[in-house]
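Quick one, fold the following:
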Amino acid sequence: GEAHPTPSHVASDRDSAFTIDVLDFYSLHRTATIPMPPDCGTRAEALVLSGFLSSVPLQPSLAISLKTLELLRRIRLFKASFSIEAFTKLLCYYYALPYRRTYRSALSDAFDIYLQIMCEVRAGVSRALGRDGPNWRVLNACPPCGYQLADEPPLLYTRLFAMDGNNSLKRLAPLGGRRAGDSRVFRDSDYFLPAAFVNTFAGEVRAKPKPEDDDDDDDDESAEEGDPTDGMTLISGCTKNWKAAAAEEKKRSWGIFDETGIFASACRHGLILWLVDMIRSGELAKYPLAIMAKVMEVLGDRTLGGFDIGCSFQETLKASSLGPAFIKSGSRLCVNAFHGYAHNYRCQLHNHPNIVPGIGLEDLEVMERIFSASNHLAPIVRYASPYRRRVLIDAFFHHWDEEKYQNLGLMLYNNFRQAQDVVARGTIELSEALEALQLTVQDLQNFREQELLYFHTLGKEPPRDVHAVTYVERLQELNAISADLDDAEDVFLSTVPADYTPALFLPATNVPVTYEADLSATRKAETRRRFLRERQKVLMLEVAALEVKLGIPHRWQPGDPEYIKVMEYVAQRKYHRALRHLQRLVVQRLFELHRLNLAQTAYRIRTHIAKQLQKRSRAIRNAVKNYNTAAAALKPPRPPLDWERVSHMTFVEEFELLQGTGSDLREKPWSEPVVRETTRLANKIERAQEELERVAVETRRLHTSICDEEDLFRVVLDDLRSRGDPWYGPVLEHAMRRQRTNARILVYINKIYGAEGFTGTPGPGQRVG
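Got it, this is the predicted structure:
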């Protein structure tokens, strides 16, 4: 552990050379002699020319080699959670030096400068290739999405994308009102949408009033702004489930964070479209509205977006200022495949990817995969400055896009094989199933329409039924109040002492007076008697008003047929309420189980979720008891549920089918499990055929893009070389890496072209425009 050597002398900027302490992972040299060319203005410039970088512009005393900084950058690209402190300790270990925070600070500052240099290099390469125009990355980074060809068959939706919010990449606000020392602003990213643009949608949706029993003491500054579901006129079951699943996140105090996460969007192939910083808030409506505004502006018409609450947000979007343009564009939103199973089944029949025409086999869960990777960056940016946080996020997603581009060929090939397998095996199974059931494909389509109609009307109450239920409930309360009033009269009279005589009219006796001792009981009895009498009058007026409204000539009695019929209907309502409560608890349980398995979920969070699951399980057991009580009160009674069956329920559809309490459901042919499975199989085959068509189009787009890019590289490199342009080296390195990636992609493209069952046009085409 000898101390780090110091320079033998301190050189001035005019010396022909100077010696400086260095850190170089490759040579492990402790000092370096840096030549000072005559045309070099400062030692910092001379260091860069010699392959070193210092963290200060004047009088540097320590320099880090560019190769070492590049190694750190590459390690962090492939392992985002790798800290500068860990790298510094590793460097000290190889130098046989004790770790000092001075080294970490110097390395961190130099790394900041190096990242800025790399951003400039990347921007210079883009300029040289003519790829620095507005929205160039969004329009061209993913050729299968954006490289449209002149003679390709039309697709129902031109682009498939997904969006969602994630709170892992939040940043702590300075404590105690202190200001951050690093006041720089990172504006060199085309991923992030400007906050000013996002805030133009801040007033579009207002938050709905909270329930009276909501004990959330949220002091969020943006509490008046609505979330993506608050634009709906009526609150759907999907909205309730989404809000319930997000309840724990909403109850967190956002006050200690400046940025509370990101709201991101990506194409179906996983390449990022845009990012939005969520500022001191949860997932507000303005974030997806800003994304959709850019989608309609840049990506054009007929887009299909996936969002975990896409069904409700689509109504919010239509009610916003973007609504007319969205409707005119022919675009639509749907839910993701995994999140879709937590929506009510009526919603799934319209918005689940298994049902939506034109979506292929895409599950639109790409954001979950992206966040699973970006969660590794969370511990690094949590305490960073706003500038460093954005620099690191920008670098991470640039590298993410590079990796997704490398995997495009493999992804398309796997999708082609998967769709081909579904069609090959599914067609045989479907044919056998239809023959066994004596049905046709047209019958399945008819069943689907009948199912849509059934679930559209399920649970809706005619106005007269609602008033009849209210009338019977008021009658029951009136009878109960009348009985209580009779009891109160008896109690009041029983409080009068047996030896009581009015002192105003009769002479006092020598018998001990006990009235004063019973004064409190007498007053309580009188108060209760007056309350019940007033309540009886109110109920009699309400009952009379309902009798006039419903045209009831004679007051119903418990033995009347109408009264009995309404009581049976009331039992069904209680059954449905118990079922919905049980469903809500199980949906929350499914979401928590999903989060429990997320990569990089902290130990404390996993422990907290596990405890909540235990509580939720007890609540589910109680809900099962309440459900069984309500089910037994039906005529005929419904079969009871046991804990084991409920704990294994994974699809909301299982709950929805329980809501049919009449014999009509059992008579529906589409409600039979075997018919439902056959319908699912038919839908999957249809989606697989769409996937084959889309893969054929996207493969040819990718092939054309690679060929055009090769021509571009040749022309640009020849021009740069002939002019002796210093950008020739960076562009050449970029082209070399890209060409090697494209060569690997072409292997999979040729596999798709040569596969049995490929119906597209092999070979490159001509790009539109």
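
Ser81 versus Ser374, what's the distance?
The spacing between Ser374 and Ser81, counted by C-beta to C-beta, to the nearest Å, is 11 Å. Where you see a C-beta, it was placed from the backbone N, CA and C, and this is true even at glycine.

Name the residue in these two with the higher neighbour count.
For Ser374 and Ser81, the more surrounded residue by other C-beta atoms under 10 Å is Ser374, and the numbers stand at 22 against 13.

which outside residues touch the helix or strand containing that one?
Assessed by DSSP states H and E, Ser374 sits inside helix 366-374. Residues from elsewhere that reach helix 366-374 (C-beta atoms under 8 Å, 6 or more residues apart in numbering): 80, 162-164, 166, 168-169, 264-270, 272, 336, 338, 393, 396-397, 400, 598-600.

Swap in 7 Å and give it another go.
Residues outside helix 366-374 that contact it (C-beta atoms under 7 Å, 6 or more residues apart in numbering): 162-164, 166, 168-169, 264, 266, 268, 270, 396, 400, 598-599.

any idea which helix or strand comes after the host helix or strand of Thr102?
Applying DSSP H and E as the criterion places Thr102 in helix 101-128. Remark: after helix 101-128, the chain's next helix or strand is helix 136-140, criterion DSSP H and E.

Off-centre distance for that next one?
In terms of C-alpha atoms, centre = their mean, to the nearest Å, the centre of helix 136-140 is found 24 Å from the chain centre.

Give the helix, strand or coil label for Val276.
Classification of Val276 by DSSP: H, G, I helix; E, B strand; the rest coil places it in strand.

tell me the contacts of it?
Counting by C-beta under 7 Å, 6+ apart, Val276 makes contact with 193, 198, 262-263, 287, 290-291.

Beta-bridge partners for it, please?
Bridge pairing for Val276 (DSSP bridges) gives the partners Phe263.

Run through who's touching stretch 717-735.
Taking C-beta under 7 Å, 6+ apart as the rule, stretch 717-735 contacts 121, 124-125, 128-129, 713, 716.

residue ranges of the strands in the stretch 101-250 of the chain, please?
Taking DSSP state E, counting those that start in this stretch, the strands of the stretch 101-250 of the chain run over residues 159-166, 171-172.

hmm, back to that, for Phe111, state which of the contacts of helix 366-374 is nearest.
Comparing those against Phe111 with C-beta to C-beta places Phe396 closest, at 14.5 Å.

That closest one: neighbouring residues, count only.
Counted with other C-beta under 10 Å, residues neighbouring Phe396 total 22.

The stretch 401-550 of the chain: helices as residue ranges?
Counting by DSSP state H, counting those that start in this stretch, the stretch 401-550 of the chain has helices at residues 408-437, 441-457, 463-494, 519-550.

I'd like to know which of the ones you listed is closest to Arg577.
Across these, closest to Arg577 is helix 463-494 (C-beta to C-beta), at 12.5 Å.

what distance separates stretch 293-304 from the centre of its chain?
20 Å.

on that earlier part again, format the helices of the stretch 401-550 of the chain as CSV; extra columns: mean neighbour count, distance to His352 and mean pLDDT.
Below are the helices of the stretch 401-550 of the chain laid out as CSV (neighbours: other C-beta atoms under 10 Å; distance: least, C-beta to C-beta, whole Å; pLDDT from 0 to 100):
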stretch, mean neighbour count, distance to His352, mean pLDDT
helix 408-437, 17, 17, 95
helix 441-457, 15, 13, 84
helix 463-494, 15, 31, 74
helix 519-550, 14, 41, 81
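
Ok, which of those helices comes nearest Thr678?
With C-beta to C-beta as the measure, helix 408-437 is the member of the helices of the stretch 401-550 of the chain nearest Thr678 (4.5 Å).

circling back: for the helix or strand following the helix holding Ser374, give the mean pLDDT please.
Of the helices and strands lying after helix 366-374 in sequence (DSSP H and E), the nearest is helix 378-381. Per-residue pLDDT over helix 378-381 has a mean of 91.

Nice, that's everything, thank you.
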